[in-house]
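1. Starting from these lines, generate the structure:
(2 chains)
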Amino acid sequence: NAGVTQTPKFQVLKTGQSMTLQCAQDMNHNSMYWYRQDPGMGLRLIYYSASEGTTDKGEVPNGYNVSRLNKREFSLRLESAAPSQTSVYFCASSPLDRGRTEAFFGQGTRLTVV
Amino acid sequence: AQSVTQLDSQVPVFEEAPVELRCNYSSSVSVYLFWYVQYPNQGLQLLLKYLSGSTLVESINGFEAEFNKSQTSFHLRKPSVHISDTAEYFCAVSEPGGYQKVTFGTGTKLQVIP
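-> All right, here's what the predicted structure looks like:
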């Protein structure tokens, strides 16, 4: 049972480069999320997709774009990476976009922008 | 807007000693409360949650948390910790609605000393 799978696990980018973080879940969840985790700041929501075909901005969406490719997959794209985007990125999913249901997290992508 | 405060960024404790990890929140409406645990190099996973009903909730590995509405707290406790409990613990608060309304605390690193 894979749960939420993120690729890659590690990535180093040069400033200005672009890349896409991939996320897939096999739990048939409707809702998917992208968070970034920075020391001393907890997790902050970047974008979310409450259901297939919809995406919305979270708390810190600037510099990112997302695509909900199908029910299983939700990708995060950095068009022009900046050092401020150095972080650990987590994809998560939940059965419904309800605050009362917990999220299931992937293992994270550690991104360094130099 | 809601907020979550985890005052202790690190808590060292000897093995088999009790521990309390503190979480306070502020919100103008009824909330749902969660504790997540993050082991090194892994994603977050749900430890326990309070939605309604009994204010004392327990996890399968001996942790418990009590919802105190008057003190707006949801402290996490364990009477006797093990080395395997070494991890980072995140408190999260959610207002009714979608995941854009979930706020994570900044985390508390629990270090269990042999």
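
2. Report the beta-bridge partner residues of the residue positioned nearest the centre of chain A.
-> Within chain A, one residue has its C-alpha closest to the average C-alpha position: by Cα atoms, centre = their mean, that is A:Trp34, at 2.7 Å. Beta bridges link A:Trp34 to A:Tyr47, A:Cys91, judged by DSSP bridges.

3. Check A:Gln6 too.
-> Here A:Gln6, judged by DSSP bridges, has bridge partners A:Cys23.

4. got it, and the one 5 residues further on?
-> Here A:Gln11 sits in beta bridges with A:Leu111, as judged by DSSP bridges.

5. Any figure for the gap between it and chain B?
-> 15 Å (Cβ to the nearest Cβ, to the nearest Å). Every C-beta, even on glycine, is put in place using the N, C-alpha and C of the backbone.

6. And for A:Ile46?
-> According to Cβ to the nearest Cβ, A:Ile46 stands 11 Å off from chain B.

7. what's near enough to touch that residue?
-> Residues in contact with A:Ile46, defined by Cβ atoms under 8 Å, 6 or more residues apart in numbering or on different chains, are A:Trp34, A:Tyr35, A:Arg36, A:Gly58, A:Glu59, A:Val60, A:Pro61, A:Tyr64, A:Val66, A:Leu76, A:Tyr89.

8. what's the pLDDT at the first one?
-> A:Trp34 carries a pLDDT value of 96.

9. you'd agree it is up against A:Arg44?
-> No. Counting by Cβ atoms under 8 Å, A:Trp34 does not reach A:Arg44; the two are 9.9 Å apart.

10. Cheers, nothing more for now.
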